[in-house]
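J.: Mind folding the following:
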Amino acid sequence: MAEAIDLTQADPYAVPLDQIDVSRAELMQNDAHWAYFERLRAEDPVHYCQDSMFGPYWSITKFNDIMEIERNHQDFSSDPGIVLADRPEDFQTVNFISMDPPKHDVQRKTVQGVVAPQNLAKLEATIRSRAAGILDSLPVGETFNWVDLVSIELTTQMLATIFDFPFDERRKLTFWSDMATSGELAGGPTPEPERRAALMECLEYFTRLRDERVQEDLKPDLLSMLAHGEDTRDMPPMEFLGNLILLIVGGNDTTRNSISGGVLMLNRNPREYEKLRNNLELIPNMVSEIIRYQTPLAYMRRTATRDIEFHGKQIKKGDKLAMWYVSGNRDDEVIDRPDEFIIDRPNARHHLSFGFGVHRCMGNRLAEMQLRVLWEEIMQRFRFVEVVGEVERVQSSFVRGYATMPVKVHPW
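T.: A predicted model of the protein is given here:
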């Protein structure tokens, strides 16, 4: 294995192509992956890695190639799983993102009502009051961890709301989300037995809640919809767990890390911050640019269903592919000046962070709304959210996230 090369220290343009493994978690943890993806896009956009901790896999790194695979679920199946790691056979979870039509469509439709436009309209006032409460409680003049006090707190409160989860125990949702995405088999620090135990706790807790919802009338929360849905009420336990984790991670990691990422981007681009101060109407467009620039979930996986030639490469039936959204979002053939953070960028919503096609993120409008409302409330209170220390990123090649971000807030 190519363990001898420390990819975080090596010259990305000097490493032999066949020794580049962009799934190494330390690359993203050290923000050292960009040049590797730039090189792959230029020299080998359909790249084969023979030897990784996940086994062999193909990297798809260009925007239009990713779109092509997203459209073709017949040849590139979503089954099985959203992470490259091969889970132990006795602990396989299934969810609707790891299904192909028609079963995918049926299960997704059951829960899609929670993010229907009329529901989102009702949620906006709740998001605003909670964002205001969180921001008003921040310790002005003191250094604190933005990730914990703002990013995690706001997203966890919203998750508890859309699940109708016991509010005082909402941090369990954060814990389970972290456990789901930080296992050793996904390049994270959490030992597999510990991860497994946490997810079984999640399953037991939600099974108890679901059994209660079955006895009640249908309500507009995710768990009630799953409990009453004709196609979801009798899901086997591991399928139920898989869908829970999908909804928890989708509702948590994406928004949480975009909230933190936005603060960091504005600090690193003070001219853009000044643009924002001078024109708050830029907030909705800025939100899309934050989500593109952050790309909170770095990739999604597909599996080839047959031998197929793809852009000159011979992909075999059963081969794993990673569609690297984090790379496609920096493809200069599709996005002008993609490495620059530009809050008034034209067509800012043209990005891959939510996926594309049948698997496009169900909660994309909710995520955008949370970020928009939060920034509206931030800008009412604070002239500057200042990053005042080293940012610590999470250890993962899947979640592009932050563990700590020390900040100080400066009122107007």
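J.: Run a quick neighbour tally on residue 347.
T.: Around residue 347 there are 10 other residues, counting by other CB atoms under 10 Å. From N, CA and C alone the C-beta is placed, and that goes for glycine too.
J.: try the one 3 residues further on
T.: Residue crowding around residue 350 was assessed by other CB under 10 Å; the count is 13.
J.: who's in contact with it?
T.: 334, 335 (CB atoms under 8 Å, 6 or more residues apart in numbering).
J.: what's downstream of the helix or strand of the chain with the lowest mean pLDDT, the next helix or strand?
T.: Between all helices and strands in the chain, the lowest mean by mean pLDDT, DSSP states H and E belongs to helix 103-112, at a mean of 49. Heading C-terminal from helix 103-112, the first helix or strand you meet, by DSSP states H and E, is helix 117-136.
J.: So for that following helix, mean pLDDT?
T.: Helix 117-136 comes out with an average pLDDT of 84.
J.: what does the helix or strand just after it rub up against?
T.: Counting by DSSP H and E, the next helix or strand C-terminal to helix 117-136 is strand 144-145. Applying CB under 8 Å, 6+ apart, the contact partners of strand 144-145 are 138, 404, 405, 406, 407, 408.
J.: Tally up the residues packed near the second one, please.
T.: Pointing back at residue 404 there. Look at residue 404: counted by other CB under 10 Å, it has 15 neighbours.
J.: Also the third one?
T.: Residue 405 has 26 neighbouring residues, counting by other CB under 10 Å.
J.: ok, it to residue 265 distance?
T.: Distance, residue 405 to residue 265, using CB to CB, to the nearest Å: 12 Å.
J.: now the second one
T.: Spatial separation of residue 404 from residue 265 under the definition CB to CB is 17 Å.
J.: same question, the fifth one
T.: Per CB to CB, residue 407 is found 13 Å from residue 265.
J.: can you give me the angle the strand or helix carrying residue 365 makes with helix 117-136?
T.: Per DSSP H and E: residue 365 is located in helix 364-381. Orientation note: helix 364-381 sits at an angle of 30 degrees relative to helix 117-136 (axes from the mean of the first three to the mean of the last three CA atoms, to 10 degrees).
J.: Parallel or antiparallel, which strands does the helix or strand following helix 364-381 pair with?
T.: Next along the chain after helix 364-381, taking DSSP H and E as the criterion, comes strand 382-387. Applying DSSP bridges to the sheet, strand 382-387 is found paired with strand 406-411 (antiparallel).
J.: What's the local residue count around residue 58?
T.: Quick note: residue 58 (other CB under 10 Å) scores 21 neighbours.
J.: For the helix or strand it falls within, list the C-alpha coordinates in CSV.
T.: Using DSSP H and E, residue 58 sits in strand 57-60. Below are the C-alpha coordinates for strand 57-60, written out as CSV (Å, rounded to 0.1, in the frame of the first residue of the first chain):
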residue,chain,number,x,y,z
TYR,A,57,-12.3,2.6,-6.4
TRP,A,58,-12.7,5.1,-9.2
SER,A,59,-12.7,8.9,-8.6
ILE,A,60,-14.9,11.0,-10.8
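J.: Next SSE downstream of it?
T.: Heading C-terminal from strand 57-60 (DSSP H and E), you reach helix 63-71.
J.: can you list contacts of that next one?
T.: Contacts of helix 63-71 (CB under 8 Å, 6+ apart): 45-46, 60, 76, 302, 310-311, 321, 323-325, 328-329, 331, 333-335, 352, 355-357, 359.
J.: before we move on, the earlier item: so what touches the strand holding residue 58?
T.: Contacts of strand 57-60 (CB under 8 Å, 6+ apart): 22-23, 40, 45-49, 66, 69, 84, 313, 315, 319-324, 327.
J.: can you check stretch 333-347 too?
T.: Contacts of stretch 333-347 (CB under 8 Å, 6+ apart): 34, 62-64, 265, 268-269, 272, 275-276, 282, 285-286, 288-289, 292-293, 328-332, 350-351.
J.: Can you tell me which of the residues you listed end up in strands?
T.: With DSSP state E as the criterion, strands contain none of the contacts of stretch 333-347.
J.: Now do the lengthiest helix in the chain against helix 364-381: the angle between them, please.
T.: In the chain, assigned by DSSP state H, the helix with the most residues is helix 237-268. Helix 237-268 runs at 40 degrees relative to helix 364-381, counting by the same axes, to 10 degrees.
J.: mind listing what's buried in helix 237-268?
T.: 238-267 (16 or more other CB atoms under 10 Å).
J.: ok, now stretch 32-47?
T.: Buried residues in stretch 32-47 (16+ other CB under 10 Å): 32, 33, 36, 37, 38, 39, 40, 41, 45, 46, 47.
J.: Could you tell me which of those are located in strands?
T.: When those are checked against strands (DSSP E), the matches are 46, 47.
J.: will you turn the buried residues of stretch 32-47 into TSV that also has pLDDT?
T.: Putting the buried residues of stretch 32-47 into TSV (pLDDT from 0 to 100) gives the following:
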residue	pLDDT
32	96
33	97
36	98
37	98
38	98
39	98
40	98
41	98
45	98
46	98
47	98
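J.: any chance of the buried residues of stretch 32-47 in TSV, plus distance to residue 159?
T.: Below are those laid out as TSV (distance: CB to CB, whole Å):
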residue	distance to residue 159
32	31
33	28
36	33
37	31
38	35
39	38
40	35
41	35
45	36
46	36
47	36
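J.: Most widely separated two among the buried residues of stretch 32-47?
T.: The distance between the two most remote of these (CB to CB) is 22.4 Å, for 32 and 46.
J.: Residue 399: neighbouring residues, count only.
T.: 29.
J.: That concludes my questions; thank you for your assistance.
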